[in-house]
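Novice: Give the three-dimensional model of this entry:
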Amino acid sequence: MRAYLEALWANRYTTALVAVLVLAAGIVAFKALPRSVFPNVNFPRISVLVSDGYLPVHVMLVRVTEPLEQAAKGVPNVTLVRSTTSNGLSKIHVFFNSAITPNDAYLLLEARLGQVALPPGAHMSVRLMMPSIYPFAEYALVSQTRTSSAMMPTYAFTVKPRLLDVPGVYTVASIGRGWPQVHVDLSLRRLISHHLGLARVVALLRAHQGPYFGGVAADFHDSFLLTAAGRPASVAALARLPVPLGGARGAVVPLSALARVSVGPPPRVRGSAVAHHAHSLLIEVAAQASANVEGVARGVAGAIASLRKGLPHGMRLVRDYDLSRLIAASLRDVWMALFLGTVITFAVLLAFLRRFDTALATLIVVPLSLAGTFVILHILHLGLNIMTLGGITAAIGALVDHAIVVIEQATHSHAPGTMAERRSRALRAAGEVLPMMTFATLTSALVFVPLILLTGTIGILFRQMAIALVTALVVSQAVALSVTPLLATYLAGRGRLPPKAWRPARRARVAYARVLRRGLKRPMVGVFASLAILACAYGIFRMLPTAFLPAWDEGVIAVPFRTAVGSSASQTLAIGRGLVAIAARDPAVATASVVVGQSLGNPRATPNKGDLVITLKPQAQTVPTMRVLGARFRAAYPSLSMLKLHQLLVTQLGNLSGAHSPLDVEVFGHSATALAVYAGRLKARLAASHRFANVSFPTSSAGPEIALTPRTRAQLRGLTPPLLGEQILAGYWGVPAGYLLHGAQILPIAVSTSPAGGITGRLDPRLFVHAPHGPYAPLAAFARARMRRSVPVITHQNLVPFADIEIRPHRAMGLSQAAAVARSLIAKTPLPHGITARIAGYYKEQAKSFAQMEITLVFALLVLLVLVGYQLRTQRAALAVLVATALSTLGSLAALWLRGIPLDSTSFLGLLLVFAIAVNNGILIFGQARHYRSPPGRIEVELAARRRLRPILMTMAADVLGFLPLAVGVGHGTDLLKPLATAVMGGLVLALGASLFIGPMLYVAFSRRPRP
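Specialist: Numbers count the residues shown, from 1 in each chain. Next up, the predicted model:
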């Protein structure tokens, strides 16, 4: 080591140049790193969506859902297949294990599903679940006079191409009523007078959807493509289309003589609304997976600003929400906490070292280590998000620890001598501590390696945090081996007079030595104290409420709601507009919008479903605003069958992971009727216990259904169910009969026979149908009707029907406690034969993550025991260090309990970080003791502890106070790291006393007493 340090000093200018180059490369990498809230990683889940108009639910189940379920279940490494079947819609969620990469699973599943024969009109989309599939920004084309259908050409030919030109934009999608279409409203009276049927008119229109290929003709040197029967060029040409009447005379009439031909909006199956505007067309913008969302958002904002200048009169572009502002604010808050923590650390070092240059030199390694970390993150194709910044912030304490120990060791001696002699002593002193620090850093890095191997949602989220933390530790150790010794040697050569010792500090050292000496003479006190501390830690652990992830104030609220079964999209949109108006009147709300017939993450939903997105003003508090708005919404619309308020990113995280509520009770059985009965009974028992904040059983329904069966005489006249269905479709909806081209715009043609105006629960007397061999007659004369008020949505899990009861615990109740209460209530409810129930939801992921974290903590302690034993060359010292380190658990748990913070996954990470930092104290003490004698005795341990008192106090004070801005919370962006910082501060405070007192006492207690 001495030869290495002398060579390093000889090449100090080259080393300084390398440090400058690394700093410059770090700045470049920092600017190039993509920024987002969560890591853009693939979740082990694939979503399959199949839509087929309004095909009945049982037809969708037999022809679509069940074949796809069977195919998906046969894909290797698939663990769970969950499906939901509704009218014209099948949603299948496929979960797979960690034995296969998400991209391979996606390709295998898509290939297997492609072999399934679907109905001709079915459209299937397969999506690998990752954060980038959700839009980061939503804008709206709004107008007081133009409908959303009328604004579609402006969106499709002006707005969308411009936004897709922005680098990093992945998709641009619209939410509105849809494209305009050509309505051909046939007059039933005229059809009867001309003896025409619907089928003949539809066939005629479809026959004019050419041009049809007629061959190729050659004439001299030219070649001509022959086509026949081109489609009408305009709506007016379509109205002039001749319709043959048949008969011997061969008379024809124009289509306008039989029908009213016009252009208008399609039937409303989807809709959107924005506060303060009569009509709106929402525009969702999603970024590519590896894009810098902040940069993409700036490009989109610039494109929107340029588009606003050229919009048609009466049309405007407004912003609904932009999550890039949340990303920027969150990252800014974390950087601010990091800066404040660095300033506090500098103040602590200045108070201890009492030399400005020494304290400043100690902090110089921080930007250099950060620069090296940014370079490696860029090489690994990672980005800046809450997780990676949390890992870097957590490693700041270790970065400063390395510099503190090396510089304090090198500059501790104030013996007189020449500059060369002082520098030689500094190099020798640094050489004594560097091997210990290097081994301690590698030990800390190995402690965090298991976090990279975690599975499930928590592993996906925290893997990048662990990578960033380990990277920062390794880079900081490289700086400690290269730049820090040079700084220490330079400072030692300046030859300043030693600062005058503080009397309180001298008295503290004397008091510590006196207490330590007494403790070492009675080492069993340390054993009993350790047992008492571990017992208290276990007691607090049992009392602490638990949570999956920390509460986070996003400032964006998602409000899914559901109207009565059978409500039309227009009725649901009217209620959604009312909810938007209520939200817009709140002074904390900036913008509010609603979509109907579509939900967050799903492009299709039943007409009675809607979603609000509410953006709050910067200074507003999300949770109190959610309570106020929820009370107002329920008071204004008490008839809503479902109304929930969530934060937007939490909802998206639930959609990505597949868990949508804190606690679910999944009920399985073979009979849907028995499932509904038992689930309703169990829901009533859970609600009657009054142990939970809310218990709901969302019995999803595809809506009411009227089944029409042709009568016997109608069938004798040739009126088959398909013919009857086509005529009913024309009466209530419109039969598709091709399309027209209007420039680049495609206008579908829909043929209808009656302006029925909607279904009211009975057959409309104005709707007439006819058989091929009979006259027109009212529908009731040809068909029998049977109405079902509610057709249930069919849900399967691993091919078995199941129902889901959602439970929301009270704020003071943790998920583990709520699950225990729900489990006891389920046990008291009699189970019918063939019915089973189990607990799921966020709790399932929490239980899995907690089990993995507990294994990680035990593994970390065992790794520390082995590695510290190798370094100190005695298992007695390693065991003493291990126990003293484990005692810090009480401090972490007590800090969480005093602050009312639940125990979650980030708290476990804080415990692991405490272990990694606190173990260095024991290594420093017993490593110094080995310099006196090997194996060290009681006197050597006492001398080493007194010698290391000052650097240990400096490192612990710097670490504890450095985490203070994160623990207090600087803005909303640090909410996710607040439990981690609280656990670290509490653990390090107790670890200080355990390292300085209990660790040495345990070593003496474990040692054999020498014979007199």
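Novice: Can you give me every residue that contacts the closest residue to residue 179 other than its chain neighbours?
Specialist: Of all residues not flanking residue 179 in the chain, residue 152 sits nearest, at 5.2 Å (C-beta to C-beta, 6 or more residues apart in numbering). In this view, the C-beta of every residue, glycine as well, is placed from N, C-alpha and C. Shown in contact with residue 152 (C-beta atoms under 8 Å, 6 or more residues apart in numbering): 174, 176, 178-180, 281.
Novice: same question, residue 391
Specialist: By C-beta under 8 Å, 6+ apart, the contact list for residue 391 reads 464-469, 472.
Novice: again, only this time at 7 Å
Specialist: By C-beta atoms under 7 Å, 6 or more residues apart in numbering, the contact list for residue 391 reads 465-466, 468-469, 472.
Novice: Just to be sure, which of these are found in strands?
Specialist: In strands, judged by DSSP state E, none of the contacts of residue 391 are found.
Novice: Closest one of the residues you listed to residue 872?
Specialist: residue 469 (24.9 Å; C-beta to C-beta).
Novice: so which helix or strand takes in the spatially most central residue of the chain?
Specialist: Centrality entry for the chain: nearest residue to the mean C-alpha point is residue 653, 3.0 Å, by C-alpha atoms, centre = their mean. Taking DSSP states H and E as the definition, one finds residue 653 inside helix 648-657.
Novice: Following the chain past that helix, name the next helix or strand.
Specialist: Next along from helix 648-657, by DSSP H and E: strand 663-668.
Novice: what lines up beside that next one in the sheet?
Specialist: strand 800-808 (antiparallel), strand 836-840 (antiparallel) (DSSP bridges).
Novice: Give me the buried positions along the next helix or strand after the shortest one.
Specialist: Read that as strand 836-840. Per DSSP H and E, strand 836-840 leads on to helix 842-872 as the next helix or strand towards the C-terminus. Burial within helix 842-872, assessed by neighbour count using 16 or more other C-beta atoms under 10 Å, is assigned to 842-850, 852-853, 856-857, 860-861, 863-865, 867-869, 871-872.
Novice: other SSEs contacting the helix or strand just after helix 842-872?
Specialist: As assigned by DSSP H and E, the chain's next helix or strand after helix 842-872 is helix 875-886. Helices and strands touching helix 875-886, by 3 or more C-beta pairs under 7 Å, 6 or more residues apart in numbering; DSSP states H and E, are helix 842-872, helix 905-932, helix 999-1006.
Novice: Sort out which residues of the second one are buried, please.
Specialist: Going back to what we said before, that points to helix 905-932. Result for helix 905-932 [16+ other C-beta under 10 Å]: buried residues 905-930.
Novice: circling back: from residue 386, how far off is the residue nearest to the residue nearest to the centre of the chain when sequence neighbours are not counted?
Specialist: Spatial nearest neighbour of residue 653, excluding adjacent residues (C-beta to C-beta, 6+ apart): residue 38 at 7.3 Å. In this view, residue 38 and residue 386 are 7 Å apart by C-beta to C-beta, to the nearest Å.
Novice: of those two, who's got more company?
Specialist: Higher neighbour count among residue 38 and residue 386: residue 386, with 25 against 19, using other C-beta atoms under 10 Å.
Novice: Give me the pLDDT for the more buried one.
Specialist: On pLDDT, residue 386 comes in at 75.
Novice: ok, now residue 28?
Specialist: So, for residue 28, pLDDT stands at 93.
Novice: That one: how many residues sit nearby?
Specialist: For residue 28, the neighbour count with other C-beta under 10 Å is 13.
Novice: cool, and residue 542?
Specialist: Counted with other C-beta under 10 Å, residue 542 comes out at 9.
Novice: Quick one: distance of the helix or strand where it lies to the chain centre.
Specialist: If you go by DSSP H and E, residue 542 is part of helix 524-543. Centre-to-centre, helix 524-543 and its host chain are 38 Å apart (C-alpha atoms, centre = their mean, to the nearest Å).
Novice: same question, stretch 689-709
Specialist: The gap between where stretch 689-709 is centred and where its chain is centred comes out at 27 Å by C-alpha atoms, centre = their mean.
Novice: From one end of that stretch to the other, what's the distance?
Specialist: 47 Å (C-alpha to C-alpha, to the nearest Å).
Novice: ok, now which ones touch residue 876?
Specialist: Neighbouring residues of residue 876 by C-beta under 7 Å, 6+ apart: 1003, 1006-1007.
Novice: Next, find the distance separating it from residue 728.
Specialist: As judged by C-beta to C-beta, residue 876 and residue 728 stand 88 Å apart.
Novice: now swap in residue 149 and tell me
Specialist: Distance from residue 149 to residue 728, by C-beta to C-beta: 25 Å.
Novice: pLDDT (mean, whole number) over the longest helix anywhere in the chain?
Specialist: Determined from DSSP state H, the single longest helix within the chain is helix 456-492. When pLDDT is averaged along helix 456-492, the result is 79.
Novice: for stretch 694-709, same thing?
Specialist: Per-residue pLDDT values across stretch 694-709 average out to 76.
Novice: likewise stretch 222-238?
Specialist: 84.
Novice: What separates the first and last residues of that stretch, distance-wise?
Specialist: 33 Å.
Novice: still on that earlier bit, what's the helix holding residue 542 in contact with?
Specialist: By C-beta under 7 Å, 6+ apart, helix 524-543 touches 519, 883, 887, 889-890, 893-894, 897, 998, 1001-1002, 1005.
Novice: can we see that at 6 Å?
Specialist: 883, 887, 889-890, 893-894, 897, 998, 1001-1002, 1005 (C-beta atoms under 6 Å, 6 or more residues apart in numbering).
Novice: mind listing the strands for the stretch 1-150 of the chain?
Specialist: Assigned by DSSP state E, counting those that start in this stretch, the strands in the stretch 1-150 of the chain fall at 45-51, 78-86, 89-96, 123-128, 137-143.
Novice: so can I have CSV of those showing mean pLDDT, distance to residue 618 and mean neighbour count?
Specialist: Converted to CSV, the strands of the stretch 1-150 of the chain look like this (pLDDT from 0 to 100; distance: least, C-beta to C-beta, whole Å; neighbours: other C-beta atoms under 10 Å):
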stretch, mean pLDDT, distance to residue 618, mean neighbour count
strand 45-51, 89, 33, 22
strand 78-86, 89, 38, 20
strand 89-96, 89, 36, 23
strand 123-128, 88, 33, 15
strand 137-143, 91, 17, 25
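Novice: Dump the ones you listed into TSV; add distance to residue 694 as well.
Specialist: TSV is the format used below for those (distance: least, C-beta to C-beta, whole Å):
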stretch	distance to residue 694
strand 45-51	26
strand 78-86	22
strand 89-96	24
strand 123-128	30
strand 137-143	28
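Novice: quick one: the helices in the stretch 151-300 of the chain?
Specialist: Taking DSSP state H, counting those that start in this stretch to define them, one finds helices in the stretch 151-300 of the chain at 152-154, 160-164, 188-193, 198-207, 235-239, 293-308.
Novice: out of the ones you listed, nearest to residue 557?
Specialist: Nearest to residue 557 among the helices of the stretch 151-300 of the chain is helix 293-308 (20.1 Å), distances taken as C-beta to C-beta.
Novice: Give me the mean pLDDT for the closest one.
Specialist: 90.
Novice: Now do the buried residues in that helix.
Specialist: Residues of helix 293-308 classed as buried by neighbour count (16+ other C-beta under 10 Å): 293-297, 299-300, 303-304, 307.
Novice: repeat for stretch 965-984
Specialist: Within stretch 965-984, the residues scored as buried using 16+ other C-beta under 10 Å are 965-967, 969-970, 972-984.
Novice: picking that back up, please name every helix or strand in contact with the helix holding residue 653.
Specialist: Helix 648-657 sits against strand 556-562, with contacts defined as 3 or more C-beta pairs under 6 Å, 6 or more residues apart in numbering; DSSP states H and E.
Novice: Can you list the neighbours in contact with the strand it packs on?
Specialist: Residues outside strand 556-562 that contact it (C-beta under 6 Å, 6+ apart) are 321, 608-615, 626, 640-646, 648, 651.
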